[in-house]
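*Asks:* need coordinates for the below:
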Amino acid sequence: TLFEVMHEERVQEGVASEEEWGLAQWMMHSELSQSKIDRYLKLDIVSKNKQAFFKKIDSLPRGPRWQCELFELQCEERSEGESRVEVFELWKRTPVECICELLSNPTFKNNLRYASEQQYEDERGERPVLGKM
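*Replies:* All right, here's what the predicted structure looks like:
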């Protein structure tokens, strides 16, 4: 799968340790500004620069491609009674491609179930978990 290829390339090239990838993930999801990331990456203890950091981020799997669909809506102006046309963007991904990617990701390998199973709220199996699915 794409994920396995990316992991193997990363290991072969010695691009980053698991700790570096964890740090990169944290930085990208934190609320740090670009200037604060720059300041951090310029510290002597950190030997990488911002370009190398973002190059690593850009090399991560991207997932199914985004598609943009434009559509027009006719809107009426409340005060003037006139109508105008507004163009909106709808950004979407193909659900089947998303599911294929999730199923091919080895991170979820031990969490996937392909057959139905009964789950219980208690250890004795007396109270089944009921859901809407």
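
*Asks:* going along the chain, name the helices of this structure.
*Replies:* 2-13, 18-29, 34-41, 50-58, 95-104 (DSSP state H).

*Asks:* excluding chain neighbours, what is closest to residue 120?
*Replies:* residue 128 (5.6 Å; C-beta to C-beta, 6 or more residues apart in numbering). Backbone N, C-alpha and C define where each C-beta goes, glycine included.

*Asks:* neighbours of that neighbour, how many?
*Replies:* Residue 128 has 11 neighbours, counted by other C-beta atoms under 10 Å.

*Asks:* which ones are touching it?
*Replies:* By C-beta atoms under 8 Å, 6 or more residues apart in numbering, residue 128 lies in contact with 118, 119, 120, 121.

*Asks:* likewise for residue 82?
*Replies:* With C-beta under 8 Å, 6+ apart, residue 82 has these contacts: residue 76.

*Asks:* a markdown table for the helices of the chain, including mean neighbour count?
*Replies:* Below are the helices of the chain laid out as a markdown table (neighbours: other C-beta atoms under 10 Å):
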| stretch | mean neighbour count |
| --- | --- |
| helix 2-13 | 12 |
| helix 18-29 | 12 |
| helix 34-41 | 13 |
| helix 50-58 | 13 |
| helix 95-104 | 12 |
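
*Asks:* dump these to a markdown table, plus distance to residue 70 and mean pLDDT.
*Replies:* A markdown table is the format used below for the helices of the chain (distance: least, C-beta to C-beta, whole Å; pLDDT from 0 to 100):
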| stretch | distance to residue 70 | mean pLDDT |
| --- | --- | --- |
| helix 2-13 | 29 | 62 |
| helix 18-29 | 29 | 78 |
| helix 34-41 | 30 | 82 |
| helix 50-58 | 27 | 72 |
| helix 95-104 | 20 | 90 |
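
*Asks:* for residue 64, find the nearest of these.
*Replies:* Of all these, helix 95-104 sits nearest to residue 64, with 3.6 Å by C-beta to C-beta.

*Asks:* what's the closest one packed up against?
*Replies:* Applying 3 or more C-beta pairs under 8 Å, 6 or more residues apart in numbering; DSSP states H and E, one finds that helix 95-104 contacts helix 2-13.
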